[in-house]
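**Q** my questions are about this predicted structure, shown below with the sequence.
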Amino acid sequence: MYVTGNTYSIKILFDEIRKALVAVGWTPYKLSEDTYIYCGTGSGHDKIYIMISYHNLENKIVIDSAVGYDDKLGFFEQPGCLQQYLKSEGKYDDEKENFLPKYDDKQPVFTITKNERFFYWIFVDTYRIIVVCRMSIVYESMYLGFLNPIASERQYPYPMYVCGNTVARTQEWTETGLGSFVFPNNGSGWLRRADGNWRAFEAAKPDPDPSSTGTVFPYTSHNKKLVPNYKEADSINQDNFLLIPIMLQTNDPVDLNGLLRGCYWISGTRDIDAERILQYDGNKFIVFDTQMDRGSNTYFAVKIEEQG
């Protein structure tokens, strides 16, 4: 499902996200007026739990995931969520309730401008949700849900990726922008590995060192040799654009984790604009940038799947 529009309130965006998830079959569990846990079915037999909470005073949407839902537990107490994992790993040194020490610098959130109009695009299927917002010429994005794992279901039963555009400690959005799900950094992105452990996924731009904790292929793979060099004399023909699936890889140990569903790298070396719609093999893709200045390695495209 594909939804687009514009608004001035992140609360309205939160409501649009809820409507889109429910429309494609996600079951909502309401913890409070501004806090929901959703269960998606994936291929039909999966149980995929994502967690979304709107924080009015901070103008943020907090995102997380769990492996189940317990109506007697709070948001950060749900089984298998990031905060519970950090607690089990001994990252906490006290017994405070839900907002423990690591919440501020380890919890992915999505935040944008306050009280200013912005445009949004929401892409939802039964596995994941992607949200992209534009403020002026700055694009922010988040990804919440399953990857397409490079493994069998038995080998990798819960390939969850939680990535906002920053972390909870960030006070507010600035015009320089914050981040994207293809460039997770400073705790904004977490991947649940095949062994069930969460891994902070660090692949900050530009041209990060592949020895960091995570690599986003082909952005962080020094891909200049992988991508054909288009001649300036070439005609601007959208059929010549190369779409490469976006893959997550973690290091230490090295593991090819999976592909972001419906997301593709696209070169910015040619005359391509953000929000341009491309057509290939009967499918439509919309292009977005990840920062204010245009670069050859900053664009991504999302497949449009309109509800029938």
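**A** Arrived safely.
**Q** what pairs with the helix or strand harbouring residue 140, and is each one parallel or antiparallel?
**A** Assigned by DSSP states H and E, residue 140 belongs to strand 138-146. Note on strand 138-146: by DSSP bridges, its sheet partners are strand 128-135 (antiparallel), strand 160-163 (antiparallel).
**Q** quick one: average pLDDT of the helix or strand that that strand is followed by?
**A** With elements assigned by DSSP H and E, the helix or strand that comes after strand 138-146 is strand 148-149. In this model, strand 148-149 has an average pLDDT of 96.
**Q** quick one, what contacts residue 106?
**A** Counting by CB atoms under 8 Å, 6 or more residues apart in numbering, residue 106 touches 82, 83, 86, 91, 167, 187, 200. Placement of C-beta: from N, CA and C, glycine included.
**Q** ok, of these, which come out buried?
**A** Buried by 16 or more other CB atoms under 10 Å: 82, 83, 86, 167, 187, 200, out of the contacts of residue 106.
**Q** which residue is nearest the middle of the protein?
**A** residue 143 (1.8 Å; CA atoms, centre = their mean).
**Q** tell me the bridge partners for it.
**A** Assigned bridge partners for residue 143, using DSSP bridges, are residue 130, residue 163.
**Q** look at it and report its pLDDT.
**A** 98.
**Q** check residue 246 too.
**A** Value listed for residue 246 in the pLDDT field: 94.
**Q** what is the neighbour count of residue 136?
**A** Close neighbours of residue 136, defined as other CB atoms under 10 Å, add up to 12.
**Q** for the closest residue to residue 283 other than its chain neighbours, give me its contacts.
**A** Counting by CB to CB, 6 or more residues apart in numbering, the nearest residue to residue 283 once its immediate chain neighbours are dropped is residue 303, at 5.9 Å. Shown in contact with residue 303 (CB under 8 Å, 6+ apart): 123, 262, 263, 264, 283, 284, 285.
**Q** next: residue 150.
**A** Taking CB under 8 Å, 6+ apart as the test, what residue 150 contacts is 156, 247, 256, 257, 258, 259.
**Q** what do you get for residue 196?
**A** 80, 158.
**Q** give me the angle between the biggest strand by length in the chain and strand 128-135.
**A** Secondary structure assigned by DSSP state E gives strand 255-266 as the longest strand of the chain. If you take axes from the mean of the first three to the mean of the last three CA atoms, to 10 degrees, strand 255-266 sits at 40 degrees to strand 128-135.
**Q** by contact count, what packs against strand 255-266?
**A** strand 128-135, strand 138-146, strand 148-149, strand 243-250, strand 283-289, strand 299-304 (3 or more CB pairs under 8 Å, 6 or more residues apart in numbering; DSSP states H and E).
**Q** can I get the longest helix seen in the chain in CSV? Just the C-alpha atoms.
**A** If you go by DSSP state H, the chain has its longest helix at helix 10-23. Extracted as CSV, the C-alpha positions of helix 10-23 are listed here (Å, rounded to 0.1, in the frame of the first residue of the first chain):
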residue,chain,number,x,y,z
ILE,A,10,3.7,14.5,13.4
LYS,A,11,0.6,13.4,15.4
ILE,A,12,-1.3,13.4,12.1
LEU,A,13,1.5,11.4,10.5
PHE,A,14,1.3,8.9,13.4
ASP,A,15,-2.5,8.5,12.7
GLU,A,16,-1.9,8.0,9.0
ILE,A,17,0.7,5.3,9.8
ARG,A,18,-1.9,3.5,11.9
LYS,A,19,-4.5,3.7,9.2
ALA,A,20,-2.1,2.4,6.5
LEU,A,21,-1.0,-0.6,8.7
VAL,A,22,-4.6,-1.6,9.5
ALA,A,23,-5.6,-1.2,5.9
